[in-house]
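here is my input, please return the structure:
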Amino acid sequence: MARSSKEQVASNRQRIVAAASELFRSRGYDAVGIADVMKAAGMTQGGFYKHFATKEALACEAWNAGFAAVEAAWARPAGDGAGNDGSSIPAIVDYYLSVQPPEHRCPMQGHGEDAARSHEGGALRSAYADGAGALYETFLTKACKTMDEDRARLLFAAMVGANMLGRASGEADWTKEIKKAVLDAAK
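Next comes the predicted model:
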């Protein structure tokens, strides 16, 4: 059997990471097994250890990739000259508060409970803290162009909290009111 090229190995690894990212966000770390990830990636379970030493190592890479993608989207310049709002603070807050399929929700929401349950000083908690911290800093950097830093901090916390309350309550009417208030505060 021929060996995979470096490009194929990298492509396979990326497929595994992408599948894991969606599964971990939608089901949670403990509910996803290596077999689930490999099946979603269209690969056999036996190939997993060619790419990762442990499930935790995969989760860290998947979480890091998810946080990096959100950070890049938030860091984009606002507006594109074609009437799109780009990634302005109101656009970020509006998108963040919109209902997303579980596999596409923000990693802060998708991995928060798993990180809280993981052991202190562990790789998962560290990946979460670094990723969420980077999103916080990116949000503050952008927000502080149009508001003071304390207001930006409150808006970030309100956005994350309103999203969590909405998801946990099945988007109850009262959470829609909270989300509207947070979005209004972003404008």
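
residue ranges for the helices of this protein, please.
Applying DSSP state H to the chain gives helices spanning 6-27, 34-40, 55-75, 89-97, 107-117, 123-143, 149-168, 173-186.

which other residues reach the last one?
Helix 173-186 has contacts (CB atoms under 8 Å, 6 or more residues apart in numbering) with 89-90, 92-94, 97, 155, 158-159, 162-163, 165-166, 169. (Glycine included, C-beta is placed from N, CA and C.)

isn't residue 119 up against residue 56?
No: the criterion here is CB atoms under 8 Å, and residue 119 misses it with residue 56 at 10.4 Å.

out of these two, which sits in the busier spot?
The residue with more neighbours, out of residue 119 and residue 56, is residue 56; 15 against 8, by other CB atoms under 10 Å.

quick one on the thing from earlier: possible to save the helices of the chain as TSV with mean pLDDT and distance to residue 46?
As requested, these are exported to TSV (pLDDT from 0 to 100; distance: least, CB to CB, whole Å):
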stretch	mean pLDDT	distance to residue 46
helix 6-27	94	13
helix 34-40	97	8
helix 55-75	95	15
helix 89-97	94	39
helix 107-117	94	26
helix 123-143	97	24
helix 149-168	96	36
helix 173-186	96	44
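
out of those, deepest packed?
helix 89-97 (a mean of 21; mean count of other CB atoms under 10 Å).

what packs against that one?
Applying 3 or more CB pairs under 8 Å, 6 or more residues apart in numbering; DSSP states H and E, we find helix 89-97 packed against helix 123-143, helix 149-168, helix 173-186.

a markdown table for these, including distance to residue 34?
Shown next, in a markdown table, are those (distance: least, CB to CB, whole Å):
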| stretch | distance to residue 34 |
| --- | --- |
| helix 123-143 | 16 |
| helix 149-168 | 27 |
| helix 173-186 | 35 |
